[in-house]
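> Using only what follows, build the 3D model:
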Amino acid sequence: ALVIVNAPHVLQPTELFASEAGQTTAGPTAEEIQANPDTAMRAWWRANKERTQAIGLLESLEYIRDILKGSRFDGVFGFSQGAAFAAVISALLERPHLHPPFLVNGEAPHPPFEFCVAVSGFKVLDPLCQPFFTPSYTTPTMHVIGKTDVVVVEERSKQLVAVSANSRVEEHDGGKADSLFDLFISRDTKCGISFEMQGLQEILQTIHDSTATSAVVQRTITEKLNQFTRAPEYIAYLAYILSAMNQEEARIRTIAGYLLKNNARLILSAPPEVAEFVKAAVLNAFNDSNTMIRNAASQDIVAFLGVLEPRAWPECLQHLVLALDSSDLEKQEAAFNALEKACEDYPRKMDVEINGTRPLDFMIPKFLGLSEHPSAKMRSHAVACLSYFVPINCQSLFVHIDAFIACLFKRASDEDPSVRRHVCQALVLLLAARPEKLMPEMSNVAQYMLYSTKDKNENVALEACEFWLTFAEDQELAPYLHPLLDQVGPTLLDCMIYGDDDLLWLEGDVEDNAAVPDKETDIKPRHYGGGKSHGFEREAGEGEGEAPKTRIGAYGQELYDSDEDDYDLDDDDFADEMTTEWNLRKCAAAALDVLAVRFSGDLLRVLLGPLKDKLWSTDWLQRESGILALGAMAEGCIEAIEPHLPTLIPYLINTLSDPKPLVRSITCWTLGRYASWCTQPKSDEHRNLYFIPTMEGLLRMVLDNNKRVQEAGCSAFATLEEDAGPELAPYLEPVLRNLVLAFDKYQHKNMLILYDAVGTLADAVGRALSNPVYVEILMPPLTNRWAKLQDDDEDLIPLLECLASVTIAMGPAFVPYAGPVFDRCNTIIRNSLMQYQQYQQNADFEEPDKAFLVVALDLLSGLIQGMGMELQSLITNSSLLQLLTVCLKHPQAPVRQSAYALVGDLAMNCFALLRPAMPGIMQELIQQLDPEPKLEFVSASNNAAWSVGEVALRYGRDDSEFQQWVHPLISRLIPILLHPKAPRSLHENAAVSIGRIGLMHPTLVAPHLPEFAQAWCQALYEIRDNEEKDSAFRGLCTMVQTNPAGMAKSLLWFCNSIIRWNQPSPELNSMFQTLLQGFKQHDEAGWNAQIASFPPIIQERLAARYGV
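Alright, predicted model coming up:
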């Protein structure tokens, strides 16, 4: 009989990676160990860092002595640390007097063993053991050594062999894991794995049923699979089916493998014996003769290695690296394929030290050598694996950087396109991470990449094209790129022509398809990122970037004002004109876009000739690519290209009549890129020649008979609306009549874009839309769509968002439609909150979509902004305020964001109705003010900070009810204003609210002036003039009047913020005059001395405007 003895020392989870006993599993948590001691990871001792002390060995010797006495064993079998201990026991039983505590009544506790088997053993270096091995012990011992074992390396095992006088050595080409699987399978109950046939059959049957196409069956299967995940042994069953059930079809075993991959994270919470079994099983399946099984096992290996990390599963790396030297090419390629995926998915996890050894120190030279392999797949994998360690600055690679670059140059002319593709990829990554390594050979590298950009294989060409995109994005590399413009520009231009595959994908020759319903695959998943976010516009050219946009498009992403880079390339700018996947054409257009930003006029001079040739070519594909290039260069080259626009814009407008839909669609996009030039009429002539024809041309495209053209035309027209703003008001009737016709013509996908165009139009023209004629044109199709959609229809979300803009613009003219809209929004909010409550109370419920709740709140904000007290009866006769209070506590930030926006809008437009609910609202609002919110909470905090100021103004001066909240609010708003990491928008909103609270309650806030005055002025001096800024500054001035000394140390910043005003209101201007004259009159000599230290521009403007 086999007796398994557990070691006496329990390892804590934090020790598992450090102890030699804990090298093969992530192990249970401390809580799990306490609850179930049998799950604990154990050790015979804990070694110090130098491995010269075996702490706990004495206790283990006493523990094993007590097990040996009174029993008889033929031999001992040990594994890893257990193997080292087996040798210690064998030696000590030969000479037990060397360690008296081991004796029982002066005698050995057990006769010497007849044999010892030590698998991956090593010699214990603790001084206590040295006498046991001097001279060598004689018990017959078989030493099993793994040549590629990176935990107990071969040299350490041989140290144990050296003190074994009667030894037999069995070496194998693997690590420790290779013999584990057979051991587990043959002794299931002993290793803790006992498969129940009923459970196994249930899982098997579910996998068989999963191949059914019925939606009902699939839902049932999904529910069953989710239930299975609650069983700790579930992944062991899947691993068993994959690796051992040869009687099942390969297809079924493969599905089990994919399920195993999808549930890889379960191994972290699995019992140790399950984890060990699963790891051994997938390695065993990786050697299966069936390709499908091997592929599934390969994906499992990558998944588990990523979850566990190589440090906790070094045997896996050993197994894969060993297979690279296999005589079986298929096995080599399979192992390298798995390694490539691992290196690509988690290179940082691969770059680790395990017990003093870095596996990459061995693997990198191995990969370099395999780049010379006769198999193209092996060469490709080798170059790819090496390249993935470039971005993480892997030292194991960079010590071989010269050899790596030499490898790339050698493989650059490889006959296999996959190898060349990875060479190009590696050069791109090197350019981004270590450009200095390429600079000595940049001329040759550039010529190679230019050549590769024209490669017949598009995958190679695409990777090479990425080189120019990366090159252009790094401003420091501009001097090296500039001399190459003459070659790079035309090369990119030639890459922008549609290929045959693109045309097949796009069905570009289908002219009239407007009546063809969209396929599900035509409609991209869209996500409503959040509701209204309050922000401020800054003066042009001031600050860190453009003013934050306060309107969110249908399903659009939430915009944070921290996105303030000078230039941020959005690949989606080119998404709608090409296939849905990133390709050579799209990459070339993106690269040209960045080059235009970087080199502007210099690039245009290079491309003007080739661009004209393409634009006036008789080949429609050449014309189309030229128009795309013209649009791609719009942002960066606008100043250089402006003299040519009087010719180019009419050309583009005429091209809207091209018979090819793809030409018309790209022309719409390009006109959209130049909309800002078209919509800024410098004269009536400019308006008549460019603005009106562009508007009319795009409106024609909105009603085109080709869906792609409709999409491009509608999107471009929305851009035109944003840029034109009130300029569109005189043309509203024809614009609306065209857009309304589209409601009857558009299919599902374009209808979503149409909603956005209508909402953008409303934002652009504002109250001009309230004309009864326009209301009568626009509202019937909107109400018709409204009536057709159910409350849970996702298409309702963009429609509600559209209506939010329309209600604000129409104002009181929307009153006839307000009742049904208001009631439906309340219903949606109530139902959404109830669904979320059910979800919180029942883990089996799916989390409801927050978008319905968010957009309903936003539409109510629109109604209130547009109609104010006109809604009094609707608000008082509903449960809106109670629902709003619940929304303020919602766990999801976008819901709170829209709820606080609604609080602010209610305060501004119908405060009398809001006031009774304010005590409960203020309690939540104060808690939302956080100096350093998480990124996803920024907009909610912004809206909370903004709404505070609106509420303070409406309460009025020295209101006794609001006074109770002044201190709690100020104690949170000032830290926000002073916090260096708080987003800029939050600084601004906090400053405005402090100013407004100070305007109403100066005696309570003014004592705090020394704390925040400088930061306050810094936060708001760049904001464009508006009423909110005016009221905030009036508040600051009122506080300074109350506490003049509070501004003493911040006078420079105060004066700077004053002179930044362009047109302060008469009241505010008078306050500035009074304060400045007062400072001067109080201490004229001191004032003059202080003013003299100010920058000249401040001195000049103060003297000119205020005479000080």
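> Could you identify the helix or strand that succeeds the helix or strand of the chain with the lowest mean pLDDT?
Lowest on mean pLDDT, DSSP states H and E among the helices and strands of the chain sits helix 180-186, with a mean of 34. Note on helix 180-186: by DSSP states H and E, the next helix or strand toward the C-terminus is helix 197-209.
> Other residues contacting that following helix?
217, 220-221, 224-225, 228, 231, 233-234, 237-238, 240-241, 245, 248, 252, 255-256, 259 (CB atoms under 8 Å, 6 or more residues apart in numbering). Just so you know, the C-beta spots here come from the backbone N, C-alpha and C atoms, and that holds for glycine as well.
> Quick check: buried residues in that helix?
By 16 or more other CB atoms under 10 Å, the buried positions in helix 197-209 come out as 203, 204, 206, 207.
> average pLDDT for the strand or helix carrying residue 986?
Taking DSSP H and E as the criterion, residue 986 maps to helix 984-1000. Throughout helix 984-1000, pLDDT has a mean value of 95.
> State the next helix or strand along the chain beyond that helix.
helix 1002-1005.
> Show me which positions of that following helix end up buried.
Those would be 1002, 1004, 1005, for helix 1002-1005 by 16+ other CB under 10 Å.
> Repeat that for stretch 375-389.
In terms of neighbour count (16+ other CB under 10 Å), stretch 375-389 has its buried residues at 377-389.
> Residue 116: which of these is nearest?
Of all those, residue 385 has the smallest distance to residue 116: 40.2 Å, by CB to CB.
> Secondary structure class of the nearest residue to the closest one once chain neighbours are set aside, three-state.
Spatial nearest neighbour of residue 385, excluding adjacent residues (CB to CB, 6 or more residues apart in numbering): residue 343 at 4.6 Å. Taking DSSP: H, G, I helix; E, B strand; the rest coil as the rule, one finds residue 343 in the helix state.
> ok, now residue 396?
Applying three-state DSSP: residue 396 is helix.
> dump the residue contacts of the residue lying closest to it once chain neighbours are set aside.
Spatial nearest neighbour of residue 396, chain neighbours left out: residue 360 (3.7 Å); criterion: CB to CB, 6+ apart. By CB under 8 Å, 6+ apart, residue 360 lies in contact with 350, 351, 389, 394, 396, 397.
> is it fair to say residue 360 lies in a helix?
Yes. Applying three-state DSSP, one finds residue 360 inside a helix.
> That one and residue 424, how far apart?
From residue 360 across to residue 424, the span is 23 Å (CB to CB, to the nearest Å).
> for residue 100, same thing?
Distance from residue 100 to residue 424, counting by CB to CB: 71 Å.
> Also residue 289?
36 Å.
> The two: who's more crowded?
residue 424 (28 against 8; other CB atoms under 10 Å).
> For that one, which non-adjacent residue is closest in space?
Residue nearest to residue 424 in three dimensions, not counting chain neighbours: residue 463, with 3.8 Å by CB to CB, 6+ apart.
> How much space separates the one you found from residue 952?
In terms of CB to CB, residue 463 sits 58 Å off from residue 952.
> now residue 67
Residue 67 is 78 Å from residue 952, where distance means CB to CB.
> Between those two, which has more neighbouring residues?
Higher neighbour count among residue 67 and residue 952: residue 952, with 27 against 13, using other CB under 10 Å.
> rewinding a little: adding pLDDT and distance to residue 641, write the contacts of residue 360 out as TSV.
Below are those laid out as TSV (pLDDT from 0 to 100; distance: CB to CB, whole Å):
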residue	pLDDT	distance to residue 641
350	95	47
351	95	47
389	97	42
394	94	44
396	95	48
397	96	44
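> Sweet, I'm off.
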